[in-house]
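# Need coordinates for the following:
(4 chains)
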2 protein chains.
Amino acid sequence: MSKSSNITIKDVAQSAGCGVATASRVLNNSGPASADVRERVERAARELGFSFSSIGRALQSRRSMTVGCLVPSLANPVFAEAVQGVQVELLGSGYQMLISCSNYNEAADDAAIEMLLSKETDALLATMVAPDRSPALRLAQKRGIPISLMFHDPLDGFITSYVDNFDAAKEVARQFADLCHRRTAFLALRFSTSDRSRNRYAGFHSECRARGLPDPTLIEIGEAEANQPERLAAILAQHPKLTAIFASNDFLAIAVQKAARLLGWRVPQDLSVVGFDGIEVGRLLEKPLATIETSPEAMGRQAARSLLNMLQGGPSIQPPALPFAFRAGATLALPNPEKGDDGRGATQPPSDLPAEPQAQTRMNR
Amino acid sequence: MSKSSNITIKDVAQSAGCGVATASRVLNNSGPASADVRERVERAARELGFSFSSIGRALQSRRSMTVGCLVPSLANPVFAEAVQGVQVELLGSGYQMLISCSNYNEAADDAAIEMLLSKETDALLATMVAPDRSPALRLAQKRGIPISLMFHDPLDGFITSYVDNFDAAKEVARQFADLCHRRTAFLALRFSTSDRSRNRYAGFHSECRARGLPDPTLIEIGEAEANQPERLAAILAQHPKLTAIFASNDFLAIAVQKAARLLGWRVPQDLSVVGFDGIEVGRLLEKPLATIETSPEAMGRQAARSLLNMLQGGPSIQPPALPFAFRAGATLALPNPEKGDDGRGATQPPSDLPAEPQAQTRMNR
DNA sequence: ATAATGAGTGGAAACGTTTCCACTTTGAGA
DNA sequence: TCTCAAAGTGGAAACGTTTCCACTCATTAT
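Model prediction:
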């Protein structure tokens, strides 16, 4: 139970019979030192079990060697994987990661950034509800701290790692169109918490138009409906003519299948379902899920690399959008001709959508 | 682009026309101050946009207000959820979380703990490959830093948050026995990386014995087999008589179903499958997975609470094991009588298993 | 009126580093 | 032998806090 924690460089110096400056130089290899004293210092450090205090270091060098990372939640594997990617990329760099979750709460978002700033993180990595509305983030920007966003579409003044949600959603529309689906819908959790969903809908909508398809129905649901198949089924039942649903993420897509089963609709015969994200488990389902495959891990890595670049004084260059791919699956097929398509378009206007698809502006390099 | 970051308490004091000691007292509410100077200091702080440097603070108080957290990987939702739980519990406490992942690598494990220690985290939260073999962890213990383990069975000298894997596995054996399954198997990833799997097998094995069932077959596979249904199918094909498989986690259980389908075995008619962990997605499958339901989030929360207790000087008390529950599902049914049970027990000895089930020793309070 | 209290205040030390600077030694070249 | 540069060394300042201590005034009790 020896309270042996407090071995400072001063102790090492004393034990080695030299000044702290010399000890520091030896231990850091940062200056001249005779072989003799070098030996003594190294032995003393070893015997005392000395290790540097990064706090003392941080104070003096004004670098905490820490990057702050904010994501909505680690319970969502998409974000967890991204953080894992960040972690991996940071591994050899000497930087550690301070993590925080907002639980999709905009106020918590801002508070978290503030907290990270007060911890003097050298850089910031974030996925937020509304980065453009966060005073703390703006403050960080003003301080000149390297910042890299994840998942968001490029935002003025920030480096962002992202997939082009608009473009990817267009791909889904194309897939539906190729199979001659006409009565389609986009299913999302309440838009307010995610610009990603908004842009996916925008892209989907835009490509449906471009292909001369009827506008897709927009179905927005809450957490409760997403988690209770019965409730989701009740909602789907209001749209009996649908032949294809594009869910804004894979979990929703799985929930849709479950709900469809309750209604006696077969997937994909009666209803095609396509998801988004490409989570691993989608492959393992009895009917592998058709989806847009992305790599959150790669996103995390790219973001971390950008950050490290900036931390090393490199220029802050916006990297290109990350690739995505349509992953074929067993949940997508030709529409069932028995589901009468009377051509009536029951489109609801989206709750919060730009009039013109505005994503994809500033498409990088 | 004002490099406005460096506003120290000294600046505030100067601007308020008082000494730094007074400013500190005012800003911390930690001592007497006249209404007059209080007002001046507060205004100065506000106008200058002052915020404390936690590094300066940490240096002086010798508390970094940071806890280190080490898990194998955030790509595994079980750990991600646990970390999320920790995060939630830490939220109001003023403590921040420094996170690190070992990717199931024992050497990385130790290095990570060392790194966290050098960052002067005030406490440690960890799930490791082999906590009992980590020198760095032992060092931390010697230093008297509060430590709380997660997922591991109780280990001498450490507080641990855990579910009783041995006990939970017995429950699975009971379920199988009740349905008169006799040819069972335990499927796990290579044992070396997880004492959890080992204890689950031990409990399963023990209860099978207790019920007079043949010893379960132990099937150990690698990552490769787990991720490629064809390869797993090839392995399963070597055990055509099995009527029930207990997979050491839910992902494996899902993989088993996939492999079974390739072999033309129906689940659950030809093969019952039970998982472990109770991940959310198991519920959403077309055939909801029978599994042992646990709550990694609750585990994270409990561990964090223990830590906070200790950090506040409370006694370090080992909390009771967390609850688990058998979750019924559509993957468990009576065995198919056509799968001839010839009574031949093809048990392989486990690669690294204690002769006697050794879990459950030191069952707390 | 005087002594004793206590509130209000600021200087300075301490926390563990790194780095600047000045000093001493050494060795080489003149 | 003398000079000079280079190598080796350690004291001290700085980083931003908090806290101990000593000091000055009022105010109250004697």
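# Tell me which residue in chain A sits closest to DNA strand D.
Chain A approaches DNA strand D most closely through A:Gly19 (2.5 Å), counting by C-beta to the nearest atom of the strand. No exception for glycine: its C-beta is placed from N, CA and C like everyone else's.
# In contact with that residue, which residues?
By C-beta atoms under 8 Å, 6 or more residues apart in numbering or on different chains, A:Gly19 lies in contact with A:Ala13.
# Tell me how many other residues crowd A:Pro323.
12 (other C-beta atoms under 10 Å in any protein chain shown).
# nearest spatial neighbour of it, skipping sequence neighbours?
Distance criterion C-beta to C-beta, 6 or more residues apart in numbering or on different chains; nearest residue to A:Pro323, sequence neighbours excluded, is A:Val163 at 7.4 Å.
# you'd agree the one you found is up against A:Ala321?
Yes. Using C-beta atoms under 8 Å, A:Val163 is in contact with A:Ala321, at 5.9 Å.
# Could I get the contacting residues of A:Leu213?
A:Ala173, A:Phe176, A:Ala177, A:His181, A:Arg182, A:Thr184.
# The strand or helix carrying the first one: what's the following helix or strand?
If I follow you right, that is A:Ala173. Take DSSP states H and E as the rule and A:Ala173 turns out to sit in helix A:165-178. Next helix or strand after helix A:165-178 toward the C-terminus (DSSP H and E): strand A:184-189.
# For that next one, which strands pair with it and how are they oriented?
Under the criterion DSSP bridges, strand A:184-189 sits next to strand A:217-221 (parallel), strand A:244-247 (parallel) in its sheet.
# Among the ones you listed, show me which one is buried the most.
strand A:244-247 (a mean of 29; mean count of other C-beta atoms under 10 Å in any protein chain shown).
# What average pLDDT does that strand get?
Regarding strand A:244-247, the rounded mean pLDDT is 98.
# Now do it: distance to the chain's middle.
22 Å (C-alpha atoms, centre = their mean, to the nearest Å).
# next one: stretch A:8-28
Per C-alpha atoms, centre = their mean, the centroid offset for stretch A:8-28 relative to its chain is 45 Å.
# does it come close to DNA strand C?
Yes. For stretch A:8-28 and DNA strand C, the contact criterion (C-beta under 7 Å from any atom of the strand) is met by A:Thr8, A:Ile9, A:Lys10, A:Val20, A:Ala21, A:Ser24, A:Arg25, A:Leu27, A:Asn28.
# pretty sure A:Arg231 is in contact with A:Glu223, am I right?
No. Using C-beta under 8 Å, A:Arg231 is not in contact with A:Glu223; the gap is 10.5 Å.
# okay, the two: which has more neighbours?
Neighbours were counted for A:Arg231 and for A:Glu223 using other C-beta under 10 Å; A:Arg231 has more, 16 against 10.
# Spit out the contact partners of that one.
A:Ala224, A:Glu225.
# how close does the residue nearest to A:Pro323 sit to B:Ala290?
A:Val163 sits 36 Å away from B:Ala290, taking C-beta to C-beta, to the nearest Å as the criterion.
# for the stretch 51-200 of chain A, what spans make up the helices?
A:54-61, A:77-90, A:106-118, A:135-142, A:165-178, A:195-210 (DSSP state H, counting those that start in this stretch).
# Between those helices, which one is closest to A:Pro315.
helix A:135-142 (16.2 Å; C-beta to C-beta).
# Right, I'll call it a day here.
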